[in-house]
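Undergrad: starting from these lines, generate the structure:
(2 chains)
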Protein chains: 2
Amino acid sequence: MASRDRAGIYLETIPVEEAVAKVAASIDRASFLASEIVDSRAAAGRITAVPVTAVLSSPNVHCAAMDGIAVVAGSTFKAREGRPVRLAKGVDYLPVNTGHPLPRNPFRADAVVMVEHVRFDDDENAFIESPAFPWQHVRRMGEDIIATDMLLPRNHRITAYDVGALLGAGVWEVEVRKKPLVYIVPTGDEVLEAAKRPKPGPGQVVESNSYVLAALAEEAGCVVERAAPVKDDPDAIRREVENGLKQAASAVIVCAGSSAGTKDFTRQVFESLGDVLVHGVAAMPGKPALLGVAGAESPRPGALLAGAPGYPVSAIVVMEEIILPVLAEAARIERKPRHEIPITLARRSPSKLGLVEYLRLSVGHVGDRNVGIPLSRGAGNITSMSRAQAITRIPRDREGVEAGEEVAAELLVPRDMLDRILLVVGSHDATLDLLADALMGGAEGVVLASSHVGSLGGLQALKSGHAHLAGCHLLEPESGDFNFPFIKRYTPDLECAVFNLAIRHQGLIVAPGNPKGIESVADLARADVRYVNRQRGAGTRILFDYELERAGIEPASVNGYGKEEVTHTAVALNVAAGEADCGLGILAAARALELDFVPLARERYDLVVPNALLADSRVEALLTMLGQPQIKAAIEAQGGYETTLTGQRMQPGMGLGVG
Amino acid sequence: MASRDRAGIYLETIPVEEAVAKVAASIDRASFLASEIVDSRAAAGRITAVPVTAVLSSPNVHCAAMDGIAVVAGSTFKAREGRPVRLAKGVDYLPVNTGHPLPRNPFRADAVVMVEHVRFDDDENAFIESPAFPWQHVRRMGEDIIATDMLLPRNHRITAYDVGALLGAGVWEVEVRKKPLVYIVPTGDEVLEAAKRPKPGPGQVVESNSYVLAALAEEAGCVVERAAPVKDDPDAIRREVENGLKQAASAVIVCAGSSAGTKDFTRQVFESLGDVLVHGVAAMPGKPALLGVAGAESPRPGALLAGAPGYPVSAIVVMEEIILPVLAEAARIERKPRHEIPITLARRSPSKLGLVEYLRLSVGHVGDRNVGIPLSRGAGNITSMSRAQAITRIPRDREGVEAGEEVAAELLVPRDMLDRILLVVGSHDATLDLLADALMGGAEGVVLASSHVGSLGGLQALKSGHAHLAGCHLLEPESGDFNFPFIKRYTPDLECAVFNLAIRHQGLIVAPGNPKGIESVADLARADVRYVNRQRGAGTRILFDYELERAGIEPASVNGYGKEEVTHTAVALNVAAGEADCGLGILAAARALELDFVPLARERYDLVVPNALLADSRVEALLTMLGQPQIKAAIEAQGGYETTLTGQRMQPGMGLGVG
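TA: Have a look, this model is predicted:
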């Protein structure tokens, strides 16, 4: 299979495992197995290059394993309870402490009697009432380690325990595999060097992939050298790749430019230095992977040449699924396997036939199962990796996965963290981040993972058992009540409690100084006003539609009604950047980006909790926190929040309460 | 519960979890949470001390997610298949590459059409046959990261992915938890400094525990300082503990001297610098754990003071079960949890009521279950840790575990290694180490774990399904045949195949020059000859008993008949050290320790394989290897081996073959 690229070059879609096998078979494996000598004291984590043989025995003599008296077992055979045998000091016994060599003069001791089992009548005579058997309480010479015996085979990962065995065996240094050197070359006209702490202009980006790949390589036991970013210039890229090969890198990774577009030069660079083996794999993200091997004329024949795509998640997939597996196998580095757990998907996620999709998931344990909420699928979104607790692979022969489907997922976090994760699904509010931080400061270390699908989406998630809590701010205009009417309508069978998080101020977020003079929703029908909307199902969208209706304005007459964002801050960001003139949102979002705000409404933002989860320790930690004065103060300090109801259990018909 | 110590001080037996809780409640937790600023590029693995907020948005403008043309979605609504819409360059569209900002002049683009879906008639006119929807193929401003949003909460372990998010968000440095400093003080009159590469005299030992504990602490994310070894002198120990506290250590660990014997000074040192909280825990090994907290007058009030016992496994248990858990919780370092798997025990193992025993296991996957073979229980044997693949805890209320019992065990190795482990149980031969090393050099990386229980023990293990292979060299004197008669007698139902490993020379191992002139077993009845024996069930023991019988010698008349060792090398070591004059064993063992050898017999050492495992890839790897000339050469090079039958399948009645 191959898909035609714009530049006329075909990108293949080779299955990832085939790509790994092909590359592994082509690199010069011997060059990956160089060795070096290290001090045994600092050898933990390294891989032996040759078998290690003990030099000393341990213990090096028979010695006492207990405090007591050393005796000749044969001289004690007649001892019985009530018929003690008398032993004379220096003749039949000598006192020993744990670790002491057994005496060999004037008698050859072969057993120890614990001090607790000896009766001393005076300094000379000792009495015992049970016989000692040969080598009783004796650590025998060589019991632990025998000189000349093999201590460790080659290709063994040296543990902390092994360090003790090496030193005890008198092995002061060990020959271990050299850590493979990975040379990383960031490229791109638009990238800026992070070390310079740049201020990116429009369309410029901070180069970060090289640092992510470096951290992954180091975690896997490699040594990393990183070049300064190189422009999109084939000669400059070639010079840096050669530079890496001259430094005897086992692998040179070129970041970005691995596809087949007009500005993708990695392929031609690799072709000039060796052979391209794979261009394009059946992976999403990660498709434009480029893999080759340095040629015989290059400074390091047989080295792995890898082109990682420019999108961060694509680069990570290529690194974790192809580059590191090849290195691990060739250089015998040991990658920590991830836990695999079954996960129930909270939402369907489509996928392209013929490609394996690496779907990032936010995961929590709800009821008796692990629930996974698909995160952003965009390969450009690094936060879809940093916010993920797990990854699942949608197979090549599937066109997606369904909501409620159970899939196998690989955990990215320690398994025991799952029990500490609190899944909050629903409407977005910056206060949730504030709580997330505060909860991580608590003794339980509760991890609040929030997913923004709007208020109705949150109720739906609770109904399906896909979340612990839902954040809701749904106004029923007829009654003036919040949330309860919607719970009754959309999730009538859900027995739940409702707690107020805060009363929020919603309004029109506008540019500083409100240059277009927007005073009410009526102004949004003006041709010169560009609006940015929230997604369907969001409480703010429902509020907006209600306000439009009240003002008698058709949605179609609002310029930008179709452009949806999923958070308040994203709306505010559009206004801040001049992409829109106005959007409905909360004061906190306007404040954060120093925008102006035209107040429109006060609303109740509540947390809905299924009754079954009220005793859950994570939920309890959150609810307890909402009662704390310093949390309320922090919520108010954001601006646009009132905490008169915060933490209180709401009842139907309360509206905004008496506050 | 308390048990009286010899020195008159009571050691408690506090449950480990209580000890941890008691210590955790007493240390000064605030002092464990110091922070420092690190460069975000090098922040992977560190723990955030404060929440981290994004400075930049990413992307910082709406930009193209694909190569193609940027358009205003509204101008494309009429496009249909067969009814293309014409777009004019610079008026209706502008070309864009992935990552480019969407044009804002002369029109404000809000969508991208992929180049594959555009027909260019000339350089000016483009035609599309389906409408673009708003924000199609657009990476929206802030889609990944929004400035002012919280990126990471406090107490979050920064991943490689997070490094990308931090840099993308313009966060150049982060405030992270300082790694806790652990100060380790090795003590003991008998210990020698490993750095000096010493030659230990009788009863002296190389100090290694401090390096093992240091490696464990570093693995867990601590910084370690280690003092030079200190003599058993309370003042000197006190000076070093104070030294550690002056350096602001979060924990000071004194190695050895933690019990209550006459030379155990750690308790009095701790009492002079603070409070002792726990002395003695219900753990085996690890009972003499000593735990305290530095006092208000000390240089670092509230620091953890820990006394680790002198036996290496005891020290490791105290480190892993008490010290590190306290540090992890207080300093928010994250310990990697171990995999827990069910394991069927191959042997019973007694245990003391009232203490949790940490039993080290050699583990392999045999048939459909994981089999665990208990390793040496001696707390002094570091190799019982370094050779273990798992640990199981025998609960306080049990007096041991039974053979065949299924227990929960914690894996010390990566889970996928289990499938690579080949369990060889039976007679000991150094050739097994040679094979273990060669197998680790092979592509499959087969881990040969051998357990020495004698030839009959090996057959028993096969019968119970507790091993993949058994090493046997059992002579039936009447027939002159090897192994088959015993298989028929002891494991009649086991369908198995027998492969020869080598023909071995057995003989009397004697001191260099054979000073006692031992020429045959008849000499072993002499009063001046001290013998060292092998354990019951060992093929060599059976051979010895047979030779004694042939010579008409009573076992009781052999001086040392009751002293048993379980390997040939251990026997040779006793001779080398002058602990015995003679032992029956193989030439290789004598050669390894430069001893003399009086030949007695040739025997066949075979590997017995259940038929059901003949197709097992690990077994196949081993059998294939036995056919290789270089392996045969290596076996012969050990001395005392013939490889005429090596790798061949044996049949009943073959004896030593025609070789």
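
Undergrad: from now on I want contacts and neighbour counts done on CA atoms only, so please keep to that.
TA: Will do.

Undergrad: quick check: domain ranges of chain A?
TA: A:2-32+A:180-331, A:35-58+A:144-177, A:63-139, A:341-413, A:456-642 (automatic domain parsing).

Undergrad: rebuild those domains as JSON lines, extending it with mean pLDDT.
TA: Below are these laid out as JSON lines (pLDDT from 0 to 100):
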{"stretch": "domain A:2-32+A:180-331", "mean pLDDT": "93"}
{"stretch": "domain A:35-58+A:144-177", "mean pLDDT": "96"}
{"stretch": "domain A:63-139", "mean pLDDT": "92"}
{"stretch": "domain A:341-413", "mean pLDDT": "95"}
{"stretch": "domain A:456-642", "mean pLDDT": "94"}
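
Undergrad: want to try TSV for those domains, with mean neighbour count and distance to B:Arg157 as columns?
TA: As requested, the domains of chain A are exported to TSV (neighbours: other C-alpha atoms under 10 Å in any protein chain shown; distance: least, C-alpha to C-alpha, whole Å):
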stretch	mean neighbour count	distance to B:Arg157
domain A:2-32+A:180-331	21	14
domain A:35-58+A:144-177	23	21
domain A:63-139	19	43
domain A:341-413	21	10
domain A:456-642	20	20
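
Undergrad: of those, which is nearest B:Asn574?
TA: Set against B:Asn574 and scored by C-alpha to C-alpha, those come closest in domain A:35-58+A:144-177, at 10.5 Å.

Undergrad: now do that closest one: distance to the chain's middle.
TA: Distance, stretch centre to chain centre, for domain A:35-58+A:144-177: 33 Å (C-alpha atoms, centre = their mean, to the nearest Å).

Undergrad: do the same with stretch A:342-361
TA: The answer for stretch A:342-361 is 18 Å, by C-alpha atoms, centre = their mean.

Undergrad: need the distance between the two termini of it.
TA: 12 Å (C-alpha to C-alpha, to the nearest Å).

Undergrad: likewise for stretch A:411-419?
TA: Stretch A:411-419: ends 13 Å apart by C-alpha to C-alpha.

Undergrad: so who does A:Val318 touch?
TA: With contact set as C-alpha atoms under 8 Å, 6 or more residues apart in numbering or on different chains, A:Val318 has these partners: A:286, A:289, A:308-309.

Undergrad: ok, now A:Leu548?
TA: A:Leu548 sits in contact with A:521-522, A:554-555, where contact means C-alpha under 8 Å, 6+ apart.

Undergrad: quick one on the thing from earlier: restricted to helices, list the contacts of A:Val318.
TA: Assigned to helices by DSSP state H, none of those qualify.

Undergrad: of those, just say which sits nearest to A:Val424.
TA: A:Gly286 (30.0 Å).

Undergrad: which stretches of the stretch 501-650 of chain A form strands?
TA: Under the criterion DSSP state E, counting those that start in this stretch, strands of the stretch 501-650 of chain A are mapped to A:531-534, A:564-565, A:582-586, A:596-610, A:641-642.

Undergrad: within its sheet, name the partner strands of the fourth one and how each one runs.
TA: In other words, strand A:596-610. strand A:469-472 (antiparallel), strand A:496-510 (antiparallel) (DSSP bridges).

Undergrad: equivalent analysis for the second one, please.
TA: Strand A:564-565 has its sheet partners listed here by DSSP bridges as strand A:531-534 (parallel).

Undergrad: list just the nearest of the contacts of A:Leu548 to chain B.
TA: Nearest to chain B out of the contacts of A:Leu548 is A:Pro555 (C-alpha to the nearest C-alpha; 15.4 Å).

Undergrad: wait, which of the strands paired with strand A:596-610 is closest to B:Val356?
TA: strand A:469-472 (40.6 Å).

Undergrad: quick one: contacts of the closest one?
TA: A:422-428, A:454-456, A:458-459, A:461-462, A:483, A:539, A:605-610.

Undergrad: so which residues on the stretch 501-650 of chain A come close to chain B?
TA: The stretch 501-650 of chain A comes close to chain B at residues A:562-563, A:569-570, A:573-574, A:577, A:592-593, as judged by C-alpha under 8 Å from any C-alpha of the partner chain.

Undergrad: pull the contacting residues for the residue most central in space within chain A.
TA: Centroid-nearest residue in chain A, with C-alpha atoms, centre = their mean: A:Leu412, separated by 4.3 Å. In this structure, A:Leu412 makes contact with A:338-339, A:388-391, judged by C-alpha under 8 Å, 6+ apart.

Undergrad: what about 6 Å?
TA: Shown in contact with A:Leu412 (C-alpha atoms under 6 Å, 6 or more residues apart in numbering or on different chains): A:389-390.

Undergrad: and if you look at the one 4 residues further on?
TA: The contact partners of A:Asp416, by C-alpha under 6 Å, 6+ apart, come to none.

Undergrad: how close does A:Pro350 sit to A:Pro374?
TA: Taken as C-alpha to C-alpha, the span from A:Pro350 to A:Pro374 is 11 Å.

Undergrad: got the residues of the stretch 351-500 of chain A near chain B?
TA: A:381-382, A:386, A:437 (C-alpha under 6 Å from any C-alpha of the partner chain).
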